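Kindly return the folded structure for what I paste below:
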Amino acid sequence: MELIVGYIFIFMARVVDMSLFTVRTLLVVRGQRLFAAFIGFFEVLVYIVALKYVVDQLDNLWSLMFYALGFSTGNIVGSWLEEKLAIGTLTVQVITMTRPLELTCHLRGMGFGVTVWEGQGREGVRNILNIILARKDLSRLMREVNEWDFQAFVTVFDTRSTKGGVLFNRKGK
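Predicted coordinates for the structure are as follows:
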């Protein structure tokens, strides 16, 4: 029974450690250094405790297997967790042939900040809608765009930082 509890401990510690690692890495990429450092403190504590437990039992193949399995699972859990936290900002560009200026007004009415400019495509001038928003609002924006024009060309970019402008008008929420 003690061995099984040890295997579960190793697995869970690695899942926690790698989940924190994944979230911390994504936060660093998004410029959230202080929050990433805070998470890193706990990440390394859990890692060292799990590693010590495994190193004390290097001759036990099952300990190594649970350590590796926890590592793999932690990557999946960490990316899922980061997606659910939806930390950060995105830039979305929308090109639609279906009344783009009306779509702009509709999105602004929902509270999204939209900038429109003209671009030259293969078949002529097109309006490009540029929207900067919190990651948590992406699904709502995509629902609206898809309902408006399911064939719209949409690109989504991670935005490291912004300054000024209208990110989201609370009145439209």
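
for this protein, what spans make up the strands?
89-95, 114-121, 124-134, 153-159 (DSSP state E).

Now the last one: average pLDDT?
With pLDDT averaged residue by residue, strand 153-159 scores 91.

cool, and stretch 133-142?
On average, the pLDDT along stretch 133-142 is 92.

returning to what we had before: include distance to Val77 and mean neighbour count when you put the strands of the chain into JSON lines, please.
To be clear about C-beta, it is placed using only N, CA and C from the backbone, and glycine gets the same treatment. As requested, the strands of the chain are arranged in JSON lines below (distance: least, C-beta to C-beta, whole Å; neighbours: other C-beta atoms under 10 Å):
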{"stretch": "strand 89-95", "distance to Val77": "23", "mean neighbour count": "19"}
{"stretch": "strand 114-121", "distance to Val77": "35", "mean neighbour count": "12"}
{"stretch": "strand 124-134", "distance to Val77": "23", "mean neighbour count": "16"}
{"stretch": "strand 153-159", "distance to Val77": "21", "mean neighbour count": "14"}
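
so how far is Arg135 from Gln120?
For Gln120, the distance to Arg135 equals 30 Å [C-beta to C-beta, to the nearest Å].

should've said Ile87
Distance, Ile87 to Arg135, by C-beta to C-beta: 7 Å.

Determine which residue lies closest to the centroid of this structure.
Glu83 (4.1 Å; C-alpha atoms, centre = their mean).

on that earlier part again, how about CSV for the strands of the chain, with distance to Met65 added?
Shown next, in CSV, are those (distance: least, C-beta to C-beta, whole Å):
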stretch, distance to Met65
strand 89-95, 39
strand 114-121, 52
strand 124-134, 40
strand 153-159, 35
